[in-house]
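Undergrad: no sequence on hand, only this structure:
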C-alpha cells in the first residue's frame, strides 16, 4: 500500500539554524517525490520534486532534499532557516495521476 | 493568469443541506483533483479527473460527487452534508507528463457543517 510518513508533527528551530524534515514513503512502483509548503490560510506550493537522476535535488527558497532508495526516505533540508520559513511542510509521493501526502510537519522559527 | 481558483472561500452548511464547490483553472491542464485536509491527516484525495468528461474515485469518495463538463472546471458536490465533512477542501490541477507532474493548488474552501 502507498503511504507517506512524516514522523515529526512539530519542529521548532532558531533563526539561522539548520533544518531537516523527515519523510519516509512506501510505494509499489518507482516513486516520484515532492515537497510542498503551506503558509497559513494558503494553498500548497511546490518546493522541489524528484523524478530520477541525481539523488540530491535543489528547490526554491534555498531548500534541498535527498532521495535515499535504500532507506525509502526523502528528507528536506535547509542550511539556515529564515523566520519566513515558518509554515507547514508536506511530503508527497505519486505517479501520473495519483498522489499521496504525508500528514505534515509544522515548522516554528524562534527569533 | 489566475492559476487555480476556488469558489466559495468559506461556507457554513446545516446537516442534510447540499452544495457545490467550484474549481477553475486557466492553465489548460488535463488533470484535476479534489482533496480534503483535516488536522493531523494531511491531504486525502476525494476524486480526480484525467480529462473532460471523465472522473474517478480517490481515497475518500463517499458522500461526494464530481463532474468535469468543461476542461477548465471541476465541480465537487455534497448532496447531503454531514458534520464529518467539515474540512478544508483544496482543488489542484496538473498536466500529464511522462514522470508525473507537479500539482498547482487553489487557495482552499473552508466548509463547516453544523
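TA: Cool, got the structure. All of these numbers come straight from a predicted model, not from anything done at the bench.
Undergrad: excluding its backbone neighbours, what's nearest residue B:103?
TA: Closest residue to residue B:103 apart from its sequence neighbours, by CB to CB, 6 or more residues apart in numbering or on different chains: residue B:92 at 4.1 Å. Quick note: C-beta positions are derived from backbone N, CA and C, even for glycine.
Undergrad: OK, contacts around the residue in chain A positioned nearest to chain B?
TA: Closest approach between chain A and chain B, counting by CB to the nearest CB: residue A:43, at 3.6 Å. Contacts of residue A:43 were listed using CB atoms under 8 Å, 6 or more residues apart in numbering or on different chains, and they are B:4, B:90, B:105-108.
Undergrad: residues in contact with the closest residue in space to it that isn't next to it in sequence?
TA: Computed as CB to CB, 6+ apart, the closest residue to residue A:43 that is not its neighbour in sequence is residue B:105, at 3.6 Å. Counting by CB under 8 Å, 6+ apart, residue B:105 touches A:36, A:43-45, B:4, B:90-92.
Undergrad: chain A versus the spatially most central residue of chain B, what's the distance?
TA: Central residue of chain B (CA atoms, centre = their mean): residue B:34, 2.6 Å from the mean position. With distances taken as CB to the nearest CB, to the nearest Å, residue B:34 is found 12 Å from chain A.
Undergrad: so that residue is in contact with residue B:46, correct?
TA: Yes: applying CB atoms under 8 Å, one finds residue B:34 in contact with residue B:46, separated by 4.4 Å.
Undergrad: got any ranges where chain A has weak pLDDT?
TA: A:96 (pLDDT under 70).
Undergrad: around chain B, pick out the residues from it.
TA: Chain A comes close to chain B at residues A:4, A:6, A:9, A:32, A:34, A:36, A:41-46, A:49, A:51-52, A:90, A:92, A:94-104, as judged by CB under 8 Å from any CB of the partner chain.
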